[in-house]
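Student: Sequence and computational prediction follow.
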Amino acid sequence: MATKKPVKKVASAPARSGLSEFDRIFDNFKKDMEKSFSSFPRIDFPSFPKLHETGCDVIDEGNQIRMKMNVPGLKKDEINLNVTDNSIEVTGEHKEEEKKKNFLRKERHSMSYYQTIPLSEKVIPGKVKAKLTDGVLEVTLPKSKPTLTQKKKAVKVQ
């Protein structure tokens, strides 16, 4: 005769917890509201120039520091660089050119960029070079010995 082994009962999880039920109700409410208001015309308020802070890469190359920054939509004459011996300040502004046209849709606006990047080592502000290619600003900052006073020098973008 074969002996029967006792069967272990496994506790089953409840079908729905209170939180998931609440989430389902809220999601349904949200979908209903979106459907209700989807027929309303979109309202665009007048926009102000936006201040963008763009990401940048700072690379230590031994005898110099190289910085690469994305500045889409800016031309070289719209970018200003100010360099001290331990930081670089990048500002840029693109103003809207086409004011009064019969636009069917207008999403491009004036924009401004501003970023100050502290440098880990002292640089020579007078020997900094900058180049703009395809919306990427590349700045080469030769390293120097530390100095006591900060000197600020404007750099012309080529």
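Tutor: Perfect, thanks for sending it.
Student: Show the end-to-end separation of stretch 119-137, please.
Tutor: End-to-end span of stretch 119-137 (C-alpha to C-alpha, to the nearest Å): 17 Å.
Student: tell me the mean pLDDT for that stretch?
Tutor: On average, the pLDDT along stretch 119-137 is 92.
Student: now the helices for the protein?
Tutor: 18-37 (DSSP state H).
Student: Quick one: residues contacting residue 94.
Tutor: Shown in contact with residue 94 (C-beta atoms under 8 Å, 6 or more residues apart in numbering): 73, 74, 75, 78, 110, 111, 112. C-beta here means a position set from N, CA and C on the backbone, and glycine is covered the same way.
Student: Quick check on those residues: which are buried?
Tutor: Neighbour-count burial (16 or more other C-beta atoms under 10 Å) applied to those gives 74, 78, 111, 112.
Student: can I assume the last one is in contact with residue 92?
Tutor: Yes. Judged on C-beta atoms under 8 Å, residue 112 makes contact with residue 92 at a distance of 6.9 Å.
Student: picking that back up, export the contacts of residue 94 to TSV and append columns for distance to residue 137 and pLDDT.
Tutor: Formatted as TSV, those follow (distance: C-beta to C-beta, whole Å; pLDDT from 0 to 100):
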residue	distance to residue 137	pLDDT
73	12	81
74	8	86
75	11	89
78	11	91
110	19	76
111	15	77
112	15	80
